[in-house]
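Enquirer: here is my input; please provide its structure:
(2 chains)
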There are 2 protein chains.
Amino acid sequence: MDVIEYMQTLGQNARQASRAMARASTQDKNKALLAIADAITSQRDAIKAANQRDMQRGRDNGLEAALLDRLELTDERIDTMIEGLHQVATLADPVGEITDLKYRPSGIQVGKMRVPLGVIGIIYESRPNVTIEAASLCLKSGNAAILRGGSEAIEANRTLAAIISAGLEQAGLPANAVQVVETTDRAAVGALITMSEYVDVIVPRGGKGLIERISRDAKVVVIKHLDGICHVYIDEFADKTKAINIAINAKTHRYGTCNTMETLLVHQAVAADILPELAEAYVALDVELRGCERTRELLTDIHAATEEDWHTEYLAPILAIKIVDDMDSAIDHINHYGSHHTDTIVSENYTLARRFLTEVDSSSVMVNASTRFADGFEYGLGAEIGISTDKIHARGPVGLDGLTSQKYVVLGNGEVRK
Amino acid sequence: MDVIEYMQTLGQNARQASRAMARASTQDKNKALLAIADAITSQRDAIKAANQRDMQRGRDNGLEAALLDRLELTDERIDTMIEGLHQVATLADPVGEITDLKYRPSGIQVGKMRVPLGVIGIIYESRPNVTIEAASLCLKSGNAAILRGGSEAIEANRTLAAIISAGLEQAGLPANAVQVVETTDRAAVGALITMSEYVDVIVPRGGKGLIERISRDAKVVVIKHLDGICHVYIDEFADKTKAINIAINAKTHRYGTCNTMETLLVHQAVAADILPELAEAYVALDVELRGCERTRELLTDIHAATEEDWHTEYLAPILAIKIVDDMDSAIDHINHYGSHHTDTIVSENYTLARRFLTEVDSSSVMVNASTRFADGFEYGLGAEIGISTDKIHARGPVGLDGLTSQKYVVLGNGEVRK
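Expert: Residues are numbered from 1 along each chain as shown, chains lettered A, B, ... in the order given. Purely as a prediction, here's the structure:
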């Protein structure tokens, strides 16, 4: 069987399984999640052995240390997988929720019912823990899933796939509701993102290059997140303590995350008061600063920021700083150079804060809070499959609701159109 | 300037205008809508003259009578355009609505704010009244629009475009917030649906062929509605009067609409009691019936329905009838042959009705109501730009909310991530 036929078969299986999943009771879905958690516990050694074979092959093939690190299933990561399954089982089932059921003048009652999307294709790098995370969210939201992880993780993914299918069967759900692509042929990705008859949405998780490639070639809707160029804007009316706390936290809490601040904007009226103190704190934390001309008049020993810097997601202890004339300039800068991910204003001014919330075109806009809060867990979604910087369908952290749609339901008593 | 450059210019203009539109006050948007309504009233003769030039050219080119009919701007249609503008002005502004604002354990308050999508491309046939309808919905929802109507309506569309731009300017809004493509070159459509840097979503309105072509070639998300193969299922536990009223209304209230029933499914236990009476009523209304074998045992003088019939959107006084063993067979038939548009069950049985609502995978699922209710006005959306049979982003009738997205807003008091 060639790879295209193989993917078509997975697609048909998934489409068929998706019908049973859409009807599955909350109880059965939770039973499957817990069965998978139990099986991971009891088969921990087999999972680790499969992962060690992946690791050995990776080392033999000269895989970078950072990639090997992500590939490894440590006991801690396996524990997190098990905890994650238990946590998703405790989340409220989004499927079947009816909202806004209202009577209309004709006598009918109209509302919306939340329903699964159908079949979700997830494409991710060689991190086998994502296999369980993605499977659990798709399963709980009543979808079928086709998971295509990086080829370096194939042995662990195969082992986990067998565990997931067994768990589904134990709960009386179709074993094919979650399928792992068991070929490392790259053509499988091309097939997955174009077979719109079998796949309803693609969620790519990984680097910008991967996501750009997938978005360009996909024939299926992609819930995507390209980059996180997040800003903190310290306004003229900022509380200085809040401003410094937020600016430090947004940059230095973690460097490699998409909700980390990459550019700091400061109102000209408070720059001289705040920037020197803030710069001292950054330097103490080994953060490299790059500034606009006006910033360099205050912080004389830092490098100049170039046009390139305003466009860059450093994912590193580097921060670009710009002094702006007013909030309008800050908003223009954010909407132009940002990635529509997460931006925050620090201000005590009601009217300016309200305008910032309205006018900044990002998936999360904040007042007096660290950009690091842009996260499914912090927002109370319980879990997230990614953060969307798109406007269509899902925007911001995507939880179980983001993997569902809503259909209209109409309850009548024999009404007809006049 | 070639057509690609021309469309790029429209795109750039639209993108720029969309920023001002996103910030526009409800008052200014309503002012523009009413100014456009006033200008249509005062320039009625000029609009009719432009339309008459289109009509003359159409007649000279041998345009079909049905197309000429749609092209014509009668006084009644112009009145409807004016009324429509007034009505959209009275609708609540969806933009800026904040919902679900809740405190999280970290101290931040997280909610969602409704925001415009940005730039909407609308592609439609030679019906100049759609120009005003589409423009008004995009304007009220804070979006910029690029409208590409059928080339046969170009003169009327140009006249209306000038009126719309003047109305926008009168309200202090950018004249480019609504642009009509003023070339009849077909390459304009190809450009519009692929310039994803300037266009956020495409709404095609027209025949299935047009929509299939656009969906295949688009690089931008398409809110689409292909066809309406709608079903009424008369259950074993149906109230006979409701069943007959609904089945007659769903088929015969209007034949050419997408929410008209095309196939009637009847439970075997009640077919003999209901079908002959129902058939008599249909025949009196000149509806041609086509039945499955079991139906033809009861209604001996009707033609056999072929496999093709179950797949067909007649848009005509023709009805396919099938007797089914039980509700499961009815649901299987609907999910297999239907177009996921609108389907209704007639039943007094609570458990069956509840299962039908859950298991039928359509954008509107009804109990004891005519499929003809699947409509933005009947659902209380105030207006609709179309009916989506997709699951992504918008499903069912698409009103102002369907032209918006939601971003997260976070209100804090200096909180940082621990």
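Enquirer: so where is the stretch 201-350 of chain A shaky, pLDDT-wise?
Expert: Counting by pLDDT under 70, not a single residue of the stretch 201-350 of chain A qualifies.
Enquirer: spell out which parts of the stretch 251-400 of chain A neighbour chain B.
Expert: With CB under 8 Å from any CB of the partner chain as the criterion, the stretch 251-400 of chain A meets chain B at residues A:253, A:335, A:344, A:357-359, A:361-370, A:372-374, A:378-380, A:391-393, A:395-397. Heads up, the C-betas are built off the backbone N, CA and C, glycines and all.
Enquirer: and the residues you listed, which of them are buried?
Expert: Those of those that meet the buried threshold are A:253, A:344, A:357-359, A:361-370, A:372-374, A:378-379, A:391-393, A:395-397, by 16 or more other CB atoms under 10 Å in any protein chain shown.
Enquirer: inside strands: which ones of the residues of the stretch 251-400 of chain A next to chain B?
Expert: Of the positions in these, A:344, A:364, A:365, A:366, A:367, A:368, A:369, A:396, A:397 sit in strands, assigned by DSSP state E.
Enquirer: farthest pair within these?
Expert: A:368 and A:397 (19.7 Å; CB to CB).
Enquirer: list the buried residues in stretch A:162-181.
Expert: So, applying 16+ other CB under 10 Å, buried residues of stretch A:162-181: A:162-165, A:167-168, A:170-171, A:173-181.
Enquirer: which ones among the residues you listed lie within strands?
Expert: Using DSSP E, those in strands are A:178, A:179, A:180.
Enquirer: mind giving me the domain ranges of chain A?
Expert: A:3-224+A:397-410, A:230-373 (automatic domain parsing).
Enquirer: one step back: in a markdown table: the ones in strands among the residues of the stretch 251-400 of chain A next to chain B, plus distance to residue A:267.
Expert: Formatted as a markdown table, these follow (distance: CB to CB, whole Å):
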| residue | distance to residue A:267 |
| --- | --- |
| A:344 | 14 |
| A:364 | 22 |
| A:365 | 18 |
| A:366 | 17 |
| A:367 | 15 |
| A:368 | 15 |
| A:369 | 18 |
| A:396 | 27 |
| A:397 | 29 |
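Enquirer: wait, residue A:117 sits on residue A:400?
Expert: No - with contact defined as CB atoms under 8 Å, residue A:117 does not reach residue A:400; the gap is 11.1 Å.
Enquirer: give me the common contacts of those two.
Expert: Contact criterion CB atoms under 8 Å, 6 or more residues apart in numbering or on different chains; residues shared by residue A:117 and residue A:400: residue A:141.
Enquirer: near chain B, which residues of the stretch 101-250 of chain A show up?
Expert: Residues of the stretch 101-250 of chain A found near chain B (CB under 8 Å from any CB) are A:102, A:104, A:106, A:108, A:110, A:113, A:115, A:117-118, A:200-201, A:221, A:239, A:241-242, A:245-246, A:248-250.
Enquirer: show the buried residues in those.
Expert: The neighbour count (16+ other CB under 10 Å) marks A:104, A:106, A:108, A:110, A:113, A:115, A:117-118, A:200-201, A:221, A:239, A:242, A:245-246, A:248-250 as buried among those.
Enquirer: where do the strands sit along the stretch 1-150 of chain A?
Expert: Taking DSSP state E, counting those that start in this stretch to define them, one finds strands in the stretch 1-150 of chain A at A:98-103, A:109-116, A:119-124, A:144-148.
Enquirer: nearest to residue A:293, out of these?
Expert: That would be strand A:119-124 among those, by CB to CB, at 42.2 Å.
Enquirer: now the angle between strand A:144-148 and that closest one, please.
Expert: Per axes from the mean of the first three to the mean of the last three CA atoms, to 10 degrees, the angle that strand A:119-124 makes with strand A:144-148 is 20 degrees.
Enquirer: now the lengthiest strand in chain A and strand B:364-369, what's the angle there?
Expert: If you go by DSSP E, chain A has its longest strand at strand A:404-415. Inter-element angle recorded for strand A:404-415 and strand B:364-369: 20 degrees (by the same axes, to 10 degrees).
Enquirer: list the buried residues in strand A:404-415.
Expert: Within strand A:404-415, the residues that qualify as buried are A:404, A:405, A:406, A:407, A:408, A:409, A:410, A:411, A:412, A:414, A:415, counting by 16+ other CB under 10 Å.
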